[in-house]
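Undergrad: Predicted model follows, preceded by the sequence.
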Protein chains: 2
Amino acid sequence: MTSSTRRPRRTQAQRRDAARAAILETAVRLLAGGGYSNMTLADLGERAGYSRSLAAHYFGSKPKLLAAIIDHVRESSPPSMPDTLRGVGRIETEIIKFFDGLVTDAENIRAYIVIAHEAATSLPELLPMIHEQNVALRTRIEADLREGIRDGTVRPDLEPVSLSIAITTMIRGVAWEWFTDPNLDVMACRQAVLDQVRVLTATTT
Amino acid sequence: MTSSTRRPRRTQAQRRDAARAAILETAVRLLAGGGYSNMTLADLGERAGYSRSLAAHYFGSKPKLLAAIIDHVRESSPPSMPDTLRGVGRIETEIIKFFDGLVTDAENIRAYIVIAHEAATSLPELLPMIHEQNVALRTRIEADLREGIRDGTVRPDLEPVSLSIAITTMIRGVAWEWFTDPNLDVMACRQAVLDQVRVLTATTT
């Protein structure tokens, strides 16, 4: 097999990937704007610029499409935490990145909340994916707190499990208020969360 | 007009109130169980034990029914804060009552989250009611913190606005995780929130 025989196959794969991505991004926009029940697979293919049957062909069903969106959103916003950060610096960066995302990545986050809601009401088969994300954030923050205790950037007597619950629930609570209040002062919330985390972690030097 | 001529009228009003309440409670159960889009007004009347047209007759439309449910849920769980509590004691009681509600009042809280979600995606006319609830909780907690500063039960240099944001977002964040995770350890979350609020408010005596 030569490279010239492989090229057409790659091109077809690339075209398929582009069509899949276009459908996923259109789905994110529709979910973020009008929720789940107003979206149909047929509409979706058409609005993405393809046939009415393509979304069903690629994803099979609306629940399977939602699962693909969770993966797509996760891949399009990788953690990208600077390796040089340690302990409390990592937690502050995690909080800042999250709040910045409410501004720069609003459609993805709105779509994610819509999907999580649908999982909790009518599509329980998606709940394990949502739960996995919840646990992943909490586990990261708990590990950062333990590292901060070791490296002396947080007070040594704090309770990492309890504080990681408090920090992740603050982050999720702001996301929820932001979702239901278009006028929420996101930067005031960001500052409030950072300030309280500083009080909670401060070493008493 | 004598009492005997008034009695039949009162009875009719009582029957109407009972039917309205039955429809609202059935709606809460359906919303909590399967979300908004699976619920129809016709089904609702029938499942509540009345005619298929009664829910539409009383409430007019699904959005108006949702607004009535918000009022109904608010009235059925009044604040009932002991007058003797002051400052940080009021905040701790607010937190404990909220977490107890996730267990004892689960259907009302699930239905409320479903309605808030619907407001944020497809029924923006309901957003002001949701926003009002968010502001009311924050205002109560901020007032309690200011009182705690005055009466010496919380540290005098805390920032009431910032801390009231942190506390309300923790409460909402736990509600959101509870909604999407049937196995969430609610009592561990309750303890975590209470512990962190104690650290954040503690006087340094």
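TA: Received the coordinates, thanks. Numbers count the residues shown, from 1 in each chain, chains lettered A, B, ... in the order given.

Undergrad: Got the domain ranges for chain A?
TA: Using automatic domain parsing, the domain parsing of chain A gives A:3-61, A:77-201.

Undergrad: average pLDDT for the longest one?
TA: If I follow you right, that is domain A:77-201. Averaging pLDDT along domain A:77-201 gives 91.

Undergrad: Same check on the shortest one?
TA: Domain A:3-61 comes out with an average pLDDT of 87.

Undergrad: now check it, is it near chain B?
TA: Yes - on the criterion CB under 8 Å from any CB of the partner chain, domain A:3-61 is in touch with chain B at A:34-38. (C-beta placed from N, C-alpha, C; glycine too.)

Undergrad: re the thing from before, any chance of the domains of chain A in TSV with mean neighbour count as columns?
TA: Shown next, in TSV, are the domains of chain A (neighbours: other CB atoms under 10 Å in any protein chain shown):
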stretch	mean neighbour count
domain A:3-61	16
domain A:77-201	18
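
Undergrad: need those in a markdown table with distance to B:A68, can you?
TA: Compiled in a markdown table, the domains of chain A are given as follows (distance: least, CB to CB, whole Å):
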| stretch | distance to B:A68 |
| --- | --- |
| domain A:3-61 | 21 |
| domain A:77-201 | 19 |
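
Undergrad: do you know which of those lies nearest B:A192?
TA: Between B:A192 and the domains of chain A, the shortest gap by CB to CB is with domain A:77-201, which sits at 3.9 Å.

Undergrad: now the closest one: how far from the chain's centre is it?
TA: 10 Å (CA atoms, centre = their mean, to the nearest Å).

Undergrad: Against which helices or strands is the longest helix anywhere in chain A packed?
TA: As assigned by DSSP state H, the longest helix anywhere in chain A is helix A:3-34. When contacts are defined as 3 or more CB pairs under 8 Å, 6 or more residues apart in numbering or on different chains; DSSP states H and E, helix A:3-34 sits against helix A:41-47, helix A:54-59, helix A:62-76, helix A:106-121.

Undergrad: do that again at 10 Å, thanks
TA: helix A:41-47, helix A:54-59, helix A:62-76, helix A:106-121, helix B:106-121 (3 or more CB pairs under 10 Å, 6 or more residues apart in numbering or on different chains; DSSP states H and E).

Undergrad: Adding distance to A:W178 as columns, could you present those helices in CSV?
TA: Conversion of these to CSV gives the following (distance: least, CB to CB, whole Å):
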stretch, distance to A:W178
helix A:41-47, 26
helix A:54-59, 28
helix A:62-76, 16
helix A:106-121, 8
helix B:106-121, 10
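
Undergrad: Looking at these, which is nearest to A:R150?
TA: The closest of the helices and strands packed on helix A:3-34 to A:R150 is helix A:62-76. By CB to CB, the value is 28.9 Å.
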